[in-house]
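A.B. asks: any chance you could fold what I've pasted below:
(chains A and B)
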Amino acid sequence: MRGIVKDFPGIRANDGVDFELRRGEVHALLGENGAGKTTLSNLLAGIHRPDAGEIEIRGEPVELRSPRQAIDRGIGMVHQHFKLVRRFTVAENLTLGWHSPRGVIRRRSLEREIATLAESYGIQVRPERPVWQLTVGEQQRVELLKNLYRGADVLVLDEPTAVLAPQEAEALFTTLRRMACEGRGIVLITHKLEEVLAASDRVTVLHRGRNVATVPTSSTTADELARLMIGDEVVPALRSQRAPTGDVMLRLVDVEADDERGAHVLRGIGLNVHEGEIVGLAGVAGNGQRELAEVVVGLRHVRAGRVLFREREITHWPIRRRIEAGIGYVPEDRLGQGVAPGLSLVDNLVAKRYRQPSIGGRVLVSPERARRAAEDLVGRFDIRVGSVDAPAATLSGGNLQKVVLARELSADPALLVAAQPTRGLDVGAAEAVRRLLLEQRDAGRALLLISEDLDELLALSDRIAVVHAGRINGEFAAPDFDVHEIGLRMAGQAAA
Amino acid sequence: MTRARPALRAIAVQIGAVAVGLVLSALLLTVIGQSPVNTLEALLKGAFGSDFALTQTALKAVPLALAGLAVAVPLRMNLWNIGAEGQLLAGAIGATWVALTFGDWPAGALVPAMVVASIVAGAFWAGLAAAPRAYLGVNEIITTLLLNFVAVLAVAYLVTGPWRSTEESSLNLPVTNLFSDAALLPSVGSLNAGIFFPLVIALVLMILLGRTRFGFEVRMIGASPDTARAVGMPIARNILVVLLVGGAIAGIAGMIEVSTTFGRLRQGLSPGYGFMGIAIAALAGTSIVGTLVVAFLFAGFVVGGLALQTEGVPQAFVLLVQGIIIFCALAGTRLGSSPLRRLLPRRGGTQAVPTEDLSSP
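C.D. replies: Presented below is the predicted three-dimensional model:
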């Protein structure tokens, strides 16, 4: 792949990427969230088409117009979210959409054929089992097998270990190694340094849509990779950063919690946020950031440890009680959790205040007063919209985020938890959101800012706490952030 | 982007779908040797063409409208109350118990007591499914559906067992004794007081859903449960309440049936009003006024269908034509709204950018 450029509305996801995969190697594609890894692999798999640049397979320029064409050229993709029909058996999933069976399917012989194929790669799977009975790790093996069955000799795996237990991950790497030995090329997309070092032959690092380096894995170190991945350009500070002076607003003591799948993701978090300060939570995606935010706002059950707000224990308080006590939340999933896309701006803007006397009584809610309150917020937060009756879904990402912020701030929170507040926004909108967050800090509110954009954290935070594997792995105070050290802590290195 | 365009489009699709249904029905009628035009004329005349027809239609519309509302209200929160039929029967049982036990009360006390009993019984029946749904996540479609059969059997047990009529005039049929006159809803001209119930309840619902905290929460939860939860709304409690409200409304329909049409509890009390209510609510798109209108048209279809039999169209055929038109209209609802739903979330901005951001765990 040479000089690959791919634009999405408002963002250039790939900006002149060169990437070369050799026969028989496991090639890691490393980068932060949003660095362009998934985009690049989607171009390879024929899901998107590049705006510029060319793709060659075995020295021959190709144009991949559809996933089907990519498959025909021997490119197989294992997505993060498996493309399997849960009610079908393993064998049925493998043949689905491939050899369209004419007439009778010879189930037995098909299953035997698949079992033999699986065995030759040391993949344990029973072809007659329906997919919904399989564990996530087994389903992933079925995805791999599907690509082998279709004769893929380039395999692209997008964050394959995100869903796996450590032992399963090891087994996966062994399988990948065996496939590479047979002359296949494997692309391993990841943002985990340990995996790169453990499983790959070469590594290409992407940063902000550009490839910054391609090096043999044996001649590099976690240290160097972390620096390449995060970049070391100097970020101009948006404003003076300072040491905390106010009272402790939020205190987390040895907090432990599980994720939806029951995995133990928070493993003893200790963290304080003072009034009048922004604490940035840095970390590679999937190290417990989302769960941490949910624990604070009450969306996630705390299994051990304590959450204190203004030194009062709120560990098991319901969400509404926390809101009334003064905790605001800007969720990461704007359209799923931040707003109800189908409802009007009025409904969305007053969704936390409809019980207050300014809008409703004990029983009633006044649509007229709700409307006036919404119009007031639209003006104060400069939300660009034709009418407050428009459904939230019609707004741009930036305006949508302003709606969420307007709603949260209008409840006058003492603590605001903001998760990925500028993700997906264009530069101008992101800047406006950042300025708004700073204003809140200057107004004396406490802010817990969770972001995968390290530059943003460096620019906004008074302190930065690094989270790794569900624990706080180091804290740094403004103004002298050691970016290099932060990068290492994000990668899991313990304090020296 | 305005909202008017997709809305107009949805309505156009809907009208087109009903037209397709009519054409299909006409073709079928031609096949069995009936003139489609004459048949349609007879249907409309039988439903709306005379005072008598209109009275019959209005009477039929009462239980249909209430059953429709019983489905429409929970549907606002994407909960499918398939159990309006059972809740209606439960309400009938509750009202009957009051009528048989306190038959010597004056009408001014007895009728309100029957209404209250039917509300409690209907809500209780819905609650049997609502509580497991709210607190354990047990699928309400299955539970409300199955409770219908339990209710049917409960009625059968009561009218053949403990409440079986002791009157000779009942010819030993499986019915209860006739209620005292005080237990019957008063007449209003050629109609009865039952006609007011759907209108009053609809008004109450419009205020409840449009201008109260409860209504606001129902709207938010229906539109986005995750967002509603994140802003602190009590999801489980609202699931419970909204289904109880639906059950209560269906229960009232049961009370009206026993205290007007029959004057007693009997088997076969409802010819499937609760199930027709599902189609009515779905066609009306959970609109309260829409549910009343659709229920009235539906009632016309049922009453007019009876008139068609005198034209030589078999009754089964009337049902078939009904089915075709409902099917097409419902398909139209889907066609009209689903492209809209698919388009809406995409305009939000973040989803247009398929970087890793969206797929990371």
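
A.B. asks: so where's the stretch 101-250 of chain A uncertain?
C.D. replies: Residue ranges of the stretch 101-250 of chain A with pLDDT under 70: A:101-105, A:163, A:165-166, A:231-244.

A.B. asks: residue of it nearest chain B, please.
C.D. replies: In the stretch 101-250 of chain A, the residue that lies nearest chain B is A:Ala162 (4.8 Å; C-beta to the nearest C-beta). To be clear about C-beta, it is placed using only N, CA and C from the backbone, and glycine gets the same treatment.

A.B. asks: what parts of the stretch 151-300 of chain A come near chain B?
C.D. replies: Residues of the stretch 151-300 of chain A lying close to chain B (C-beta under 8 Å from any C-beta of the partner chain) are A:Asp158, A:Glu159, A:Ala162, A:Val163, A:Ala285, A:Gly286, A:Val297, A:Leu299.

A.B. asks: what about the closest residue to A:Glu159 other than its chain neighbours, which SS state?
C.D. replies: Counting by C-beta to C-beta, 6 or more residues apart in numbering or on different chains, A:Glu159 lies nearest to A:Gln80, which is 5.2 Å off, once chain neighbours are set aside. Classification of A:Gln80 by DSSP: H, G, I helix; E, B strand; the rest coil places it in coil.

A.B. asks: measure A:Arg362 to chain B for me?
C.D. replies: 8 Å (C-beta to the nearest C-beta, to the nearest Å).

A.B. asks: can you pull the buried residues of the helix or strand where B:Phe124 lies?
C.D. replies: Per DSSP states H and E, B:Phe124 falls inside helix B:107-136. Across helix B:107-136, burial judged by 16 or more other C-beta atoms under 10 Å in any protein chain shown covers B:110-111, B:113-131, B:133-134.

A.B. asks: so does it get close to chain A?
C.D. replies: No. Helix B:107-136 lies out of reach of chain A by C-beta under 8 Å from any C-beta, never closer than 14.4 Å.

A.B. asks: other SSEs contacting that helix?
C.D. replies: Helix B:107-136 is packed against helix B:84-101, helix B:140-160, helix B:235-256, with contacts defined by 3 or more C-beta pairs under 8 Å, 6 or more residues apart in numbering or on different chains; DSSP states H and E.

A.B. asks: run the angle between it and helix B:140-160 for me.
C.D. replies: Using axes from the mean of the first three to the mean of the last three C-alpha atoms, to 10 degrees, the direction of helix B:107-136 lies 140 degrees away from that of helix B:140-160.

A.B. asks: circling back: make sure the residue of the stretch 101-250 of chain A closest to chain B is indeed in a strand.
C.D. replies: No. Looking at A:Ala162 with three-state DSSP, it is helix, so not inside a strand.

A.B. asks: and the residue lying closest to B:Leu265 once chain neighbours are set aside, how far from A:Ala152?
C.D. replies: Once flanking residues are discounted, B:Leu265 sits nearest to B:Thr96: 4.1 Å by C-beta to C-beta, 6+ apart. Distance of B:Thr96 to A:Ala152, given as C-beta to C-beta, to the nearest Å: 70 Å.

A.B. asks: who has more neighbours, those two?
C.D. replies: Here B:Thr96 and A:Ala152 are compared on neighbour count by other C-beta atoms under 10 Å in any protein chain shown; more neighbours surround B:Thr96, at 30 against 22.

A.B. asks: so that one sits against B:Val175, correct?
C.D. replies: No. At 10.4 Å, B:Thr96 and B:Val175 do not qualify as touching, with contact defined as C-beta atoms under 8 Å.

A.B. asks: mutual contacts of these two, please.
C.D. replies: B:Arg264, B:Leu265 (C-beta atoms under 8 Å, 6 or more residues apart in numbering or on different chains).

A.B. asks: now chain B, which segments are flagged as low pLDDT?
C.D. replies: Across chain B, the stretches falling below the confidence threshold (pLDDT under 70) are B:1-7, B:10, B:333-361.

A.B. asks: show me the helices in it, by range?
C.D. replies: Using DSSP state H, the helices of chain B run over B:4-31, B:36-48, B:51-75, B:84-101, B:107-136, B:140-160, B:196-211, B:213-223, B:225-230, B:235-256, B:273-284, B:288-309, B:315-343, B:356-359.

A.B. asks: buried stuff in the fourth one?
C.D. replies: Residues B:84-100 are the ones in helix B:84-101 that count as buried (16+ other C-beta under 10 Å).

A.B. asks: highest average neighbour count across the helices and strands packed on helix B:107-136?
C.D. replies: Of the helices and strands packed on helix B:107-136, the one with the most neighbours on average (mean count of other C-beta atoms under 10 Å in any protein chain shown) is helix B:84-101, at a mean of 29.
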